[in-house]
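S.K.: heads up, no residue letters with this:
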DNA sequence: AATCTATGCGTTGAAAGACTAGGCTTAGGC
DNA sequence: GCCTAAGCCTAGTCTTTCAACGCATAGATT
């Protein structure tokens, strides 16, 4: 958990969240997380693509090849119904655990 | 990250924080995290003791055998100077990353 | 035409961390 | 004498993240 890293266990939640407004391609997911977080978060490609594979296998996202705005062959990822449910449940889990952490950190 | 779990990467921060007020023994660390978090967090022994070993190796804590209030042989853990520094740096990292996560989650 | 750069998809292997499932000891109560 | 709870710990497994690669191509530069 150093300078420009991720909090382990939160990557899929972030990806699902970024996919929520609509389909985008893999590379753009990482960029979007980076800019939305004001450069605080940085998703490495070696983390991103394996995560997307896992999410495909679990049926949280669907993928479709297409052409980007920059005229390149890209893979668009899109939330499934199950992915939307999963996002909600990950948000709940995260919030609950975060409350627990903050309780300990403030009152210990 | 299911029902009663931890957020990976935050365990050492929680332990260091619980040790901050003064030395306590291992078993009590887990209990303290559990009650302080209002039962939201649950540290398994299989996570706790290996974490304490790592922290010993890295010099963040010292250990000393003693007798508990309940008259049992226990191992008291105590923050070192380096452990205190480490706690601060883990808090900073966590806060920064958390801000990044919340930015993405709210604005995606 | 050839080269370079940025974009874009991916894998592999290593490392770290958390959990399951066990084992061991002993104090105090029955 | 036995049981339960407190308390310490390890071994093995699983999951996740990351560094370090490889590959292709569009557009710009030379």
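M.R.: Sure thing, it's come through. Values in this document were obtained by computation on a predicted structure and should not be read as measured data.
S.K.: From now on I want contacts and neighbour counts done on CA atoms only, so please keep to that.
M.R.: Noted.
S.K.: how far away is the nearest residue to residue A:43 once chain neighbours are set aside from residue A:46?
M.R.: Nearest residue to residue A:43, sequence neighbours excluded (CA to CA, 6 or more residues apart in numbering or on different chains): residue A:30, at 5.6 Å. To residue A:46, residue A:30 is 11 Å away according to CA to CA, to the nearest Å.
S.K.: Whichever helix or strand residue A:97 is part of and DNA strand D in contact?
M.R.: Element membership of residue A:97 [criterion: DSSP states H and E] is helix A:81-107. No: applying CA under 7 Å from any atom of the strand, one finds helix A:81-107 separated from DNA strand D by no less than 11.2 Å.
S.K.: how long is stretch A:38-51 from one end to the other?
M.R.: First-to-last residue span, stretch A:38-51, CA to CA: 22 Å.
S.K.: same deal with stretch A:30-43?
M.R.: End residues of stretch A:30-43 are separated by 6 Å (CA to CA).
S.K.: quick revisit: just give me the neighbour total for the residue nearest to residue A:43.
M.R.: 22 (other CA atoms under 10 Å in any protein chain shown).
S.K.: Would you confirm that it contacts residue A:48?
M.R.: Yes: Residue A:30 lies in contact with residue A:48 (CA atoms under 8 Å); the separation is 7.3 Å.
S.K.: Pop out the phi and psi values for the residue of chain A found nearest DNA strand C.
M.R.: Relative to DNA strand C, the nearest point of chain A is residue A:27 (3.2 Å; CA to the nearest atom of the strand). Phi and psi for residue A:27, reported as degrees, to the nearest 10, are phi -60, psi -40.
S.K.: where does chain A dip in pLDDT?
M.R.: In the predicted model, chain A carries pLDDT under 70 at residues A:1-4, A:108.
S.K.: What residues does it have near DNA strand D?
M.R.: Counting by CA under 7 Å from any atom of the strand, chain A sits next to DNA strand D at A:5-12, A:43-47, A:50-51, A:54, A:70-72.
S.K.: With that, I have no additional questions.
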